[in-house]
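[1] need a structure here:
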Amino acid sequence: MIKEFPLPDLGEGLTESEIVAWRVAVGDRVELNQIIADVETAKAVVELPSPYSGVITALHAAEGETVNVGEPLFSCDTGDGADGASTDAAPASSEANPESGGAAAPAGPAAAASEPTATTHEAPAPSDVREPTLVGYGARDEGAPKRRARRAGLAADLVPAIPAGGELDADAAPPAGGTVDTSRPDADLSTGAPERPRSTPPVRKLARDLGVDLAEVEGTGERGLITRADVEAAASGASPRIGAEPATDVAATAPAPATAVERPTETRIPIKGVRKHTAAAMVQSAFTAPHVTEFLTVDVTATMELLRGIRDDRAFAGRKVTPLAVVAKAVCIAARRTPEVNSRWDEAAQEIVQYGGVNLGIAAATGRGLVVPNVKGAERLTLIELADAIAALAETARAGRTSPAELAGGTISITNIGVFGIDAGTPILNPGEAAILAMGAVRRQPWEHRGEIALREVMTLSLSFDHRLVDGEQGSRFLADVATVLREPGRVLTMV
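    Okay, the predicted model is just below:
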């Protein structure tokens with residue numbers, strides 16, 4: 001029995017994903033919950049498990065192609081008509097944390113590790129065999145109308161798009177009036193319409209991004225296939241177009257006009273994935289929440305001495321405790337004393353929602369863009385535990401494997417701009433949060449200490465907050481509490 005696997009909603013209403021890499025090929029046998037592809041959403045790279053056992057019969061998207069939620073990814077022959085999982089095996093659960101946006105709740109032991117907050121029960125199919133499902137859709141309703149079938153594979157994109165019934169592809173429809181330029185080399189004289197340019201899906205997408213009409217591009221690939229290089233050359237004007245007049249040596253016939261402007265070469269990068277999501281989130285935040293930013297420079301010499309002592313202590317050998325970990329701990333302590341900074345504005349309900357715990361977001365710069373995974377329940381962790389959690393988040397982010405669950409549910413965030421040698425800035429709030437703290441570089445400089453001038457280690461803190469939720473007095477008190485912990489770590493005992 002051939003079954004199609006449509007792209008599921010991978011969390012928080014994401015509408016599309018890009019195929020990063022296929023882990024299987026046509027003809028491969030796959031088992032239930034075997035990873036079949038890596039896909040990139042607007043937030044993270046996610047591993048997709050197979051809901052079936054069987055043999056892959058078709059891959060409906062190429063690597064680099066963007067697929068909408070609900071469109072088929074691959075087809076699988078499950079064999080005797082039974083679903084991929086046996087009836088006595090535990091079916092894949094459709095439970096999902098609405099904040100996590102996880103790709104799937106795998107069957108078996110892996111399911112026990114998840115913490116779902118909502119459960120959806122699917123009615124059994126008429127055959128009494130439950131079909132494993134992923135987040136975002138249930139088992140297919142056999143009586144519901146099916147979506148328009150997608151072409152079965154990449155090979156179908158390399159032939160003229162004229163169906164067997166004689167109906168022309170929309171891209172190859174003849175011009176109004178029914179006339180066709182038969183001098184064009186791609187004209188199909190049997191139908192009176194030009195043949196659709198032969199190219200792959202990623203090349204067609206690149207052409208759309210660069211504004212290139214593939215019908216005007218001459219393919220240099222095998223059997224006239226239009227390649228990525230052909231599209232890029234056409235965009236820069238260096239490629240011969242179909243039906244174009246032969247180029248002439250302009251420089252030999254006439255001098256360049258005096259008004260000609262020489263422009264530098266351009267590189268166009270599609271806006272997608274994490275960067276696309278970040279841009280949309282920052283615009284939403286900047287034009288929704290009224291931002292206020294306050295700055296405070298603090299002497300952190302005592303904190304740096306504490307960290308040097310921890311580093312030299314054998315009890316903490318191999319543990320990486322950084323100034324970021326101390327600032328994170330200070331934020332958790334200060335947020336309990338000023339709960340307004342750990343809240344969100346519910347516009348629909350016209351309510352202010354204060355959180356009972358801290359899911360501390362840590363901004364991480366990656367090759368794919370800025371991501372802000374968060375440490376769940378950060379206020380319950382010791383300094384060493386918090387340092388370990390931050391290090392684990394950073395390592396996962398650099399590897400591009402941050403899960404949607406780690407990105408969802410943040411309540412307040414920190415961005416460490418000091419690692420880039422920056423002293424201060426005006427960070428933009430993450431949507432749904434009331435405050436974000438930027439920590440600057442630690443610099444050794446002259447500073448007043450005990451009535452004298454001495455060389456001290458100094459850091460500037462920058463706090464941006466939503467003025468609907470946090471007023472100036474509350475923001476200042478929170479920032480002062482963070483500074484107190486950094487200036488005198490021993491004062492924590494009087495604050496908890």
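[2] contacts, neighbours, all on C-alpha from now
    Will do.
[3] for the stretch 251-400 of the chain, which segments count as strands?
    291-299, 343-346, 351-354, 360-362, 364-366, 369-371, 374-375 (DSSP state E, counting those that start in this stretch).
[4] list the buried ones in the second one?
    In other words, strand 343-346. Neighbour counts over strand 343-346 (16 or more other Cα atoms under 10 Å) mark Ser343, Arg344, Trp345 as buried.
[5] which helix or strand in this protein has the lowest average pLDDT?
    Among the helices and strands of the chain, helix 109-112 carries the lowest confidence by mean pLDDT, DSSP states H and E, at a mean of 37.
[6] picking up where we left off before, Serialize the strands of the stretch 251-400 of the chain to CSV and add fields for mean pLDDT and distance to Ala454.
    Converted to CSV, the strands of the stretch 251-400 of the chain look like this (pLDDT from 0 to 100; distance: least, Cα to Cα, whole Å):
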stretch, mean pLDDT, distance to Ala454
strand 291-299, 95, 11
strand 343-346, 92, 40
strand 351-354, 93, 42
strand 360-362, 95, 33
strand 364-366, 84, 34
strand 369-371, 81, 38
strand 374-375, 95, 37
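[7] low-confidence regions, this structure specifically.
    Within the chain, the ranges that satisfy pLDDT under 70 run 11-14, 42-43, 80-197, 238-261, 273-275, 277.
[8] domain assignment for it?
    Using automatic domain parsing, the domain parsing of the chain gives 2-112, 155-244, 273-494.
[9] need those in a markdown table with distance to Arg263, can you?
    Listed next are the domains of the chain as a markdown table, based on distance: least, Cα to Cα, whole Å:
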| stretch | distance to Arg263 |
| --- | --- |
| domain 2-112 | 30 |
| domain 155-244 | 12 |
| domain 273-494 | 27 |
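[10] ok, which of those domains comes nearest Thr265?
    Set against Thr265 and scored by Cα to Cα, the domains of the chain come closest in domain 155-244, at 8.6 Å.
[11] where do the helices sit along the stretch 251-400 of the chain?
    Assigned by DSSP state H, counting those that start in this stretch, the stretch 251-400 of the chain shows helices spanning 273-286, 301-312, 323-337, 383-398.
[12] can you list the buried residues in the shortest one?
    Of the residues in helix 301-312, those with enough neighbours to count as buried (16+ other Cα under 10 Å) are Thr301, Ala302, Thr303, Met304, Leu307, Ile310, Arg311.
[13] I'd like to know which elements that helix is packed against.
    helix 323-337, strand 452-466, helix 472-487 (3 or more Cα pairs under 8 Å, 6 or more residues apart in numbering; DSSP states H and E).
[14] show me what counts as buried in stretch 205-220.
    Quick answer for stretch 205-220 (16+ other Cα under 10 Å): Lys205, Leu206, Ala207, Leu210, Val212, Leu214, Ala215, Val217, Glu218, Gly219.
[15] nearest to Ser476 among the residues you listed?
    When the buried residues of stretch 205-220 are compared against Ser476 (criterion: Cα to Cα), the nearest one is Leu210, at 48.6 Å.
[16] from Lys272, how far out is the residue lying closest to that closest one once chain neighbours are set aside?
    What sits nearest to Leu210 in space, not counting adjacent residues and going by Cα to Cα, 6 or more residues apart in numbering, is Ala235, at 6.4 Å. According to Cα to Cα, to the nearest Å, Ala235 and Lys272 sit 20 Å apart.
[17] same check on Ala348?
    29 Å.
[18] one more: Gly318?
    For Gly318, the distance to Lys272 - Cα to Cα - is 38 Å.
[19] if you count what's nearby, which of the two comes out ahead?
    Shown here are Gly318 and Lys272; by other Cα atoms under 10 Å, Lys272 has more neighbours (17 against 8).
[20] closest one of the buried residues of strand 343-346 to Gly490?
    Closest to Gly490, out of all of the buried residues of strand 343-346 and judged by Cα to Cα, is Ser343, at 27.8 Å.
[21] what is the burial count for the nearest residue to the closest one once chain neighbours are set aside?
    For Ser343, ignoring the flanking residues on the chain, the nearest one in space by Cα to Cα, 6+ apart is Gln354 at 4.2 Å. Using other Cα under 10 Å, Gln354 is surrounded by 16 other residues.
[22] again, but for the one 5 residues further on
    As a burial measure, the neighbour count of Asn359 was computed by other Cα under 10 Å and equals 23.
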